[in-house]
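Trainee: Build me a model from this:
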Amino acid sequence: MSARVIVAAGIAALSAGCQCGFDDAKIRAIECTVEADCPPGRDCIDGYCQGRRADGGVPGEDSGPGVDSGPSVDGGPGTDAGVDAAVPCEDVTECDDGLGCTVDVCAESRCIHDVDPGRCAVDGECWSAGDVNPLSPCEECTPDENATRWTADDGNSVDDGVSCTLDSCKGGVESHEPDDAACDEGEICAACAGGCVAGGWVVVACDELPGTPGGDGASCTVAAPGGPAACLVCSSLMGITSLVRQDFDGCNQLEQLGWEESDNRSGRFDCNDVDRHLGPDIERNEDAVEIEDGEASISRTVDTTDLDSVRLCFDYADRDAEETDTLAVEIDTGGGWQTIWSDGGGPVPDVDLHWQNVCLDLTAADPLAAGNAALQIRFSADVSGGRLYLDNVTIDAWDAGTVTWPGRVFSDDFGGCELGGWSIDEGEPSCPIAMGVNAGREALEVTNDDLSLSRTVDLSSRCDDVRMGFAFGTRQHGNDHGLHVSYLRGGGGRSELLWSSYRGLENAEALVAFETSVSSVHPQARFDGDLGLEVRLEGGSGSLYLDDVWLDGAECQSGDGRLNVSEPVVSDNSGAYAVTVTSAERATGYLECTWAGRAASAGRAQILFCGNPAECRPGQTDSRQCGECGSEERACREDCMWEPWSQCADLPCNCCDAYGSCSACCC
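Mentor: Modelled structure (predicted):
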């Protein structure tokens, strides 16, 4: 206040212009003995009538641990009246806050500003009870609750001018929930359109050829429901850059797939159709790299420039491998080869023909693997009595912080014999395990019967590296046993096998942990908001056990600052928009566009910026005629460059014309 000041604690009250009484505009420091001597809303404290703080304490009193009495009203937003610890005083004239609704006091060398009853002192101004915050209509002055801060009032509402929204205040914040029921069929409520607009999904398609860092960028077409461009919002997500993704399907020569074979070993890696029971699909032979009897190695060089996290993953299995039969992984970051992983006897000793997935953090093994233009990776095998198989080799890289792993999507250990999110489609499991060394363990068991479980999960926020794990065991097994893990497209769509076992585990009754990469086998699992999973156990003539089933996946973070996304521009009258994405660095990301603020409408397309001017898109294949009646093929590597042409498969000519000439159409 300006003209109303007092000196407390033994200093005489100023008498100039004093008109005693309880008129709030003229209250001065009033001496008291009991509370009845004071006006309403003030207490008798230290011989003077004083107001209470917002926390119920006394001005100048310690609020106690964890309670901040706050500074005085000083014109700052949301400040507390009470003791102004920041302003010491010797005289009350030093405590003038310029407000007409406070009483200024200098007590114990500190300024105190008591707010008058029925008033609020907020944001450097005086307000009366019921006054609405002009900057936030969902807050108002409520002195009984807090005289120095705005109080939430959810009884108010603010009209946003959109006829189809439900306007209200929630927790002191404006709320405008869209009400689709207020729109016609096929429309949704959208503030961006000022009302109802056509609903639907966004479809994003980008250039087939990857972009070059620093170049013109990737051109994308976005098809959206009809309506104003303001309803289309496009942004970017960073992703995992795949440097190598090799499933060996087709069994081209390893050199043509980018691998270099050692020439000073006693054996060699061959790409063959492995035992069909190795799966995962029993209906088709699986191509994989195999070594039998001898020593061999294959290596390749990758470029991790601009990427600070590098990981190698692969599947491997064995048949009749001994403890001395080993597979090792070595890397050379520039200082020579070093072994970072080795295993003898196959992935699980005494368990033949079961794929096991292994992932190795190469930057943890050697930090120089990051940002390395010539990182070398080598598989070395030494086999004398059995066979080792290698498949699904992937080398991925990303920037730390742009891809994160927030925790498992689900994890079911069947504690309490609860199924968690699984539904039983066939059969009836028993739990806990009834017999054998695992008796009493809370796990699912099926004996002499089949069991099928399924569930649907939302992976719309998981962009990559979708992985599934489980523990599997058998008792009194036979060749009619089986465990099959499948991915169902779109929740209930076509079933595609991820991992299969067609026999029991030789180490009786042990539950062995297995893991498989869902997104490597089926990239469509990424961002799948309705991912279906199915686990089928075929008990045959013995017992199967299932436990510790889990699913995990990576989240891609915003590409702001790394990927530049242009504003959508209408490209034609069909509701299509043109968007361009550029990058100064090598990167993999996604263009993500939503319509009318609805997350469920999101459409995405992957964008690649290769380190080289792109010749092709990874995974793309090409073929051409060679010889008289032959053909040769090539595939695009992960670095966006074509592999060499395969060796010409020149077929014998089975139909020739009368002159002995052959043509491709007849061979």
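Trainee: neighbours of T142, just the number please.
Mentor: 17 (other CB atoms under 10 Å). C-beta coordinates here come from the backbone N, C-alpha and C atoms, glycine included.
Trainee: my bad, should have said S109
Mentor: S109 has 10 neighbours, counted by other CB under 10 Å.
Trainee: got it, and Q625?
Mentor: 12.
Trainee: Flag the shaky bits of the stretch 301-450 of the chain, pLDDT-wise.
Mentor: Applying pLDDT under 70 to the stretch 301-450 of the chain picks out residues 345-352.
Trainee: Now do the contacts for the most centrally placed residue in the chain.
Mentor: The centroid of the chain falls nearest to E555 when counting by CA atoms, centre = their mean (1.9 Å). Counting by CB atoms under 8 Å, 6 or more residues apart in numbering, E555 touches V403, T404, W405, P406, S461, R462, C463.
Trainee: With respect to A576, which of those residues is nearest?
Mentor: C463 (24.9 Å; CB to CB).
Trainee: ok, now which ones touch the closest one?
Mentor: L237, G239, I240, V403, R526, F527, G553, A554, E555, C556, Y590.
Trainee: Tell me which entries of those residues lie within helices.
Mentor: Counting by DSSP state H, none of the members of the contacts of C463 fall within helices.
Trainee: CSV for these, including distance to N612?
Mentor: Formatted as CSV, these follow (distance: CB to CB, whole Å):
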residue, distance to N612
L237, 23
G239, 19
I240, 19
V403, 23
R526, 25
F527, 28
G553, 30
A554, 26
E555, 29
C556, 24
Y590, 21
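Trainee: Filter those residues down to the buried ones, ChimeraX style.
Mentor: To isolate the buried ones among the contacts of C463 in ChimeraX, judged by 16 or more other CB atoms under 10 Å, type:
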select :237,239,240,403,526,527,553,554,556,590
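Trainee: closest to F414 among the contacts of C463?
Mentor: Closest to F414, out of all of those and judged by CB to CB, is G553, at 21.7 Å.
Trainee: Could you find the closest non-adjacent residue to that closest one?
Mentor: If you skip the residues right next to it in sequence, G553 has R462 as its closest partner in space, 3.1 Å away by CB to CB, 6 or more residues apart in numbering.
Trainee: How much space separates the one you found from G603?
Mentor: Using CB to CB, to the nearest Å, we find R462 at a distance of 17 Å from G603.
Trainee: Between these two, which is the more surrounded one?
Mentor: More crowded of R462 and G603, by other CB under 10 Å: R462, with 26 against 19.
Trainee: show me where the stretch 401-550 of the chain has helices.
Mentor: For the stretch 401-550 of the chain, applying DSSP state H, counting those that start in this stretch gives helices covering 518-521.
Trainee: What segments of it are strands?
Mentor: Counting by DSSP state E, counting those that start in this stretch, the stretch 401-550 of the chain has strands at residues 403-404, 410-412, 423-426, 444-447, 450-457, 464-475, 482-488, 495-501, 512-517, 531-538, 543-556.
Trainee: okay, those strands in a markdown table with distance to E290 next?
Mentor: Shown next, in a markdown table, are these (distance: least, CB to CB, whole Å):
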| stretch | distance to E290 |
| --- | --- |
| strand 403-404 | 33 |
| strand 410-412 | 35 |
| strand 423-426 | 35 |
| strand 444-447 | 33 |
| strand 450-457 | 32 |
| strand 464-475 | 24 |
| strand 482-488 | 23 |
| strand 495-501 | 19 |
| strand 512-517 | 20 |
| strand 531-538 | 27 |
| strand 543-556 | 28 |
